[in-house]
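Engineer: Let me see the structure of the following:
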Amino acid sequence: MVLTADSRTHSAITYPRSWFRIARHDELPKPGVLPLRYFDQDLVLSRLEDGSLRLFEAHCPHLGAHLGYGGRIEGETLRCPYHGWLFDGSGTCVGIPYSDKKVPKVKLKSFPVREINGLILMYFDGHGRSPQWEIPVVSELTNGQWTPLKSVRRWQVKTTLNDYFSNSVDVAHLANLHSQTFESATSHGIRCNGPVLVHRMDQVYNLSSLFAGRLMSRADGGAETSYYGTGYDVTFYWTQSRPKLEMMTIFTGTPIDPDTLDIEIYYSVKKALGPFNGLFAHLLKSDVAETFEQDIPILENKTNLPRPIFFEEDGPIRQSLRWAEQFYEA
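Structural biologist: Below is the predicted model of the structure:
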């Protein structure tokens, strides 16, 4: 069962079982450590000298020092900044530099972590189970025909994953709340395959927000979004105009605590405009940021009704939330 904002309590919170973005590739040097806080707990992300990643609970089992503040990588081990205790790649304590006594049998809790599409992702499962599926590579990011993936912006938003996710499949709000970008949108429904949901839409874009009305003001097009869990999705957008414009975004939402999401959006455009590719990418970045920031006051101030009223024209909200329930099952 998916917990709503009205039924949640801090003592009985359930986070979904899924992959979540926790850092960008360039946020973690080699070797290096990065302190993080997600899922209401302190974490430490480390990159070993060989480039591999490790993600552990943050506090040393000796006297509780945070390994992400002053900790460092030595060879294939993580050294505590307080007393120098050493932990290997599995999180097992393998050395105490100031003592000849037997090393106690202590081990840091670890989490699965991957580096893919320029992002670092962790797999969260409240029961500590191994990943049941993986995030795929976006081939467009490596074929040289698209601009490098870059961050639009990062926000901390007082909202839940359910509200964040359902907002993204809500078609009817696009032309109303985001009229500077969308004149209309029509859903073609969803396709579900285990942990993946695909949603396709026809859209009429108001391109005057991008080009100040000088090159074109309106274009038919579409979008297809692939959701991998409810906190990570990849969307391809296209127009039927000449030249055909193709864009991509990656939306990521990671719970910091029961009431707050760390949201970061990334973007890329297909190189179809020659010397104007950079300008188009810059304009797209501004438009994506403006569009999402219009959602923030809605997300932060809405309530979860026990019996919301859905219209078919709203988009596949009800069906998508049913799909999302799988990630909350025991």
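Engineer: ok, so what distance separates the spatially closest residue to T159 that is not a sequence neighbour from N167?
Structural biologist: Leaving aside its sequence neighbours, T159 sits nearest to L299 (C-beta to C-beta, 6 or more residues apart in numbering; 4.0 Å). C-beta: built from backbone N, CA, C; applies to glycine. Plainly put, L299 is 6 Å away from N167 if you go by C-beta to C-beta, to the nearest Å.
Engineer: need the longest helix for this structure.
Structural biologist: As assigned by DSSP state H, the longest helix anywhere in the chain is helix 277-301.
Engineer: Next, the contact list for the residue lying closest to Q240 once chain neighbours are set aside, please.
Structural biologist: Distance criterion C-beta to C-beta, 6+ apart; nearest residue to Q240, sequence neighbours excluded, is D220 at 4.7 Å. Counting by C-beta atoms under 8 Å, 6 or more residues apart in numbering, D220 touches D202, Q203, V204, Y205, T239, Q240, S241.
Engineer: and D220, that's in a strand?
Structural biologist: Yes: assessed by DSSP: H, G, I helix; E, B strand; the rest coil, D220 belongs to a strand.
Engineer: gap between it and P97?
Structural biologist: 67 Å.
Engineer: any idea which residue of the protein is furthest from its center?
Structural biologist: D100 (44.9 Å; C-alpha atoms, centre = their mean).
Engineer: what bits of the stretch 101-250 of the chain have low per-residue confidence?
Structural biologist: Residues of the stretch 101-250 of the chain meeting the criterion pLDDT under 70: 208-218.
Engineer: can you give me the strands for it?
Structural biologist: Taking DSSP state E, counting those that start in this stretch, the strands of the stretch 101-250 of the chain run over residues 113-116, 119-124, 150-157, 182-193, 196-205, 219-228, 232-239, 246-257.
Engineer: Could you dump those strands into a markdown table and include distance to W85?
Structural biologist: Formatted as a markdown table, those follow (distance: least, C-beta to C-beta, whole Å):
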| stretch | distance to W85 |
| --- | --- |
| strand 113-116 | 22 |
| strand 119-124 | 23 |
| strand 150-157 | 33 |
| strand 182-193 | 45 |
| strand 196-205 | 41 |
| strand 219-228 | 37 |
| strand 232-239 | 34 |
| strand 246-257 | 28 |
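Engineer: Out of those, the one nearest L174 is which?
Structural biologist: L174 lies closest to strand 182-193 among these, at 4.2 Å (C-beta to C-beta).
Engineer: Remind me what that closest one packs against, helices and strands.
Structural biologist: Strand 182-193 is packed against helix 172-177, strand 196-205, helix 317-324, with contacts defined by 3 or more C-beta pairs under 8 Å, 6 or more residues apart in numbering; DSSP states H and E.
Engineer: so which of the strands of the stretch 101-250 of the chain is the most packed in?
Structural biologist: strand 119-124 (a mean of 23; mean count of other C-beta atoms under 10 Å).
Engineer: elements contacting that one?
Structural biologist: strand 18-24, strand 113-116.
Engineer: which ones are touching the most centrally placed residue in the chain?
Structural biologist: The C-alpha lying nearest the average C-alpha coordinate of the chain belongs to T252 (C-alpha atoms, centre = their mean; 2.0 Å). Shown in contact with T252 (C-beta under 8 Å, 6+ apart): F20, R21, L119, G231, Y232, I263, E264, I265, Y266.
Engineer: if we take these, which one ends up nearest to T291?
Structural biologist: Distances from T291 to the contacts of T252, taken by C-beta to C-beta, are shortest for I265, at 9.6 Å.
Engineer: how close does the closest residue to the closest one other than its chain neighbours sit to F292?
Structural biologist: For I265, ignoring the flanking residues on the chain, the nearest one in space by C-beta to C-beta, 6+ apart is V152 at 4.2 Å. Distance of V152 to F292, given as C-beta to C-beta: 8 Å.
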